[in-house]
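Visitor: have a look at this fold, sequence not included:
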């Protein structure tokens, strides 16, 4: 028909996931299929329209898609379904490949060893033919059979000019590769790896994943381990920790196949895998890896490697909330570091001991140790020690309401973590930077930092910091009086924390839920949230002192709102005692503000003024605009009640000045106007 101009061929392009979703919804309407079904079909068919349509028809005919009560559903979860290509698709592929002559088929079979994409020089080497002859043959195959596509020419690091090709569909490559006998595959993979090494030379680590596959399948296990390790390193540098973990795990499996003793190699691999497991928040697995690293280091007799293993093991135990083991291992690590005489390793150990003090609320001890860690790391120009030191020193500055210093240290930590590709400390620095910016009244900057960090945590597969960011973002929205957005992020924080079993993040989100419920007048909801927090505190001591201060403040505000003055006073007193013990100046001011509001309710105006003045004195030395404007607003109302018009106007003007300063740092116009309107109304209440 085409020869006689009776038809015109329309070549269909590949479908995107959205195209497949539209096709699924049009063909199986209505349905409650999971969104993963569309992604899976796209992955299996690469968007090939005919294959995608056949795949769905196959699933329907096999009974995996069922219509019940006029609605299509999956009969069983996707994970339990065998999703090999249907016979109809395999038949079509077989017919296309059967149309090739023997030499064409052999050329594509050998090319399939490289994967869905292949190089002319490598394939020519495998076939033992002239490269120009091969390129001419491949051009004819591409034109006549459309099994491959020509991607273009490329110059490789050794100067070779090659042509790159791609199989039109991965299923073609799979079919051809499957037809090779196993021993032929082994030989071809070995030859392909050698040819690629020749082309890339010193730049071979850039294609480490390809080389690792070739050498593993070619049964050259020493080089497979070498390039699997490079592949893991490459992925870790891009924060692809899950991918890196898989490469290191495969390398460890292959090391067992090597005949010679590989103690040093095992030690290095356990260290690398432990590091990425820590970054993935797989702290128990990381602890196991570092324990194995320690065993290998002891077998070698290296005190430095033992010290490094103990430092990393201690850190993973700490973040696993295994505090007794942390202390034991930290003591052991310090002893080994002293024996090794390595000041850098001793710095790492002291950082861990400083963190232990920080966790237990022993802040004076933590401050001395962390300051010493930072000073020593600077003197030694030891960046791995410095990034941990300044990042956790930022944390302590934040805890004690020294927000300007916290921002300074967090930014330094962020820069160093980015330079060292340390994703865990990168998120740690962003956490304290965002919270400190928020407490400075730089609300949009804080939102940008925290939302960027949340996206990075999701993308990097982090399970430790990810649950913490939603409730922090919710706090920013609450301070700006967008209570619906605050509630949304707080509930996300609860859900994610529970999903990943992060108790302290769950407790913090539940405190925020209680505050939200108090604001909405839902007393039972608040009581329930705070009861859950106390239950978590009873089970876990990890940074409990810090979260308990927030709980005391929230509970005091809850009782005060409901007019339960005796209970409110009890919690205010507890709050101030805890805040003073740990020098948390923002909450010292907040306690005095709450006490002033309580005394006003009791009619003790003189006592209330004294409490307001105490709050202002604290805030003068340790500025916290989000608390300050509320204190000035309260003082204005108090002076107005005492018929001190001038005093009321003075404090009202000061409150408005701070409100406007905060508003000037909110870029979203709607959010800014909402905050200014609500805050100004708060002055007059």
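Guide: Noted; the coordinates are in hand. Quick caveat: nothing in here was measured; it's all calculated off a predicted structure. Numbering: from 1, shown residues only.
Visitor: quick one: the helices in the stretch 201-350 of the chain?
Guide: 208-217, 221-237, 241-255, 263-279, 283-300, 303-319, 323-340, 343-359 (DSSP state H, counting those that start in this stretch).
Visitor: could you count how many residues lie near residue 1?
Guide: 8 (other CB atoms under 10 Å). Placement of C-beta: from N, CA and C, glycine included.
Visitor: circling back to that earlier point, possible to save the helices of the stretch 201-350 of the chain as TSV with mean neighbour count?
Guide: Listed next are those as TSV, based on neighbours: other CB atoms under 10 Å:
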stretch	mean neighbour count
helix 208-217	22
helix 221-237	21
helix 241-255	21
helix 263-279	23
helix 283-300	21
helix 303-319	24
helix 323-340	18
helix 343-359	22
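Visitor: and the helix or strand harbouring residue 40, what does it pack against?
Guide: Assigning secondary structure by DSSP states H and E places residue 40 in helix 35-45. Judged by 3 or more CB pairs under 8 Å, 6 or more residues apart in numbering; DSSP states H and E, the packing partners of helix 35-45 are helix 17-27, helix 49-62.
Visitor: among those, which is nearest residue 556?
Guide: helix 17-27 (50.7 Å; CB to CB).
Visitor: and that closest one with helix 35-45, angle?
Guide: Angle of helix 17-27 versus helix 35-45, following axes from the mean of the first three to the mean of the last three CA atoms, to 10 degrees, is 110 degrees.
Visitor: which other residues reach helix 17-27?
Guide: 15, 31, 33, 35, 37-39, 41-42, 47, 52-53, 56 (CB atoms under 8 Å, 6 or more residues apart in numbering).
Visitor: next, the angle helix 49-62 makes with that helix.
Guide: Using the same axes, to 10 degrees: helix 17-27 against helix 49-62 is 40 degrees.
Visitor: now do helix 17-27: distance to the chain's middle.
Guide: 31 Å (CA atoms, centre = their mean, to the nearest Å).
Visitor: next: stretch 350-358.
Guide: So, by CA atoms, centre = their mean, the centroid of stretch 350-358 is 24 Å from its chain's centroid.
Visitor: residue 524 is nearest to which of the helices of the stretch 201-350 of the chain?
Guide: Nearest to residue 524, of the helices of the stretch 201-350 of the chain and by CB to CB, is helix 343-359 at 33.0 Å.
Visitor: just checking, what packs against whatever helix or strand comes next after that closest one?
Guide: Next helix or strand after helix 343-359 toward the C-terminus (DSSP H and E): helix 363-380. With contacts defined as 3+ CB pairs under 8 Å, 6+ apart, the packing partners of helix 363-380 are helix 343-359, helix 383-399.
Visitor: pLDDT weak spots in the stretch 51-200 of the chain?
Guide: Within the stretch 51-200 of the chain, the stretches with pLDDT under 70 are 82-88.
Visitor: redo that, cut-off 80
Guide: 51, 54-55, 57-58, 61-62, 78-90, 92 (pLDDT under 80).
Visitor: so who does residue 42 touch?
Guide: Counting by CB under 8 Å, 6+ apart, residue 42 makes contact with 15, 16, 17, 20, 52.
Visitor: and those residues, which are buried?
Guide: Neighbour counting by 16 or more other CB atoms under 10 Å classes 15, 20, 52 among these as buried.
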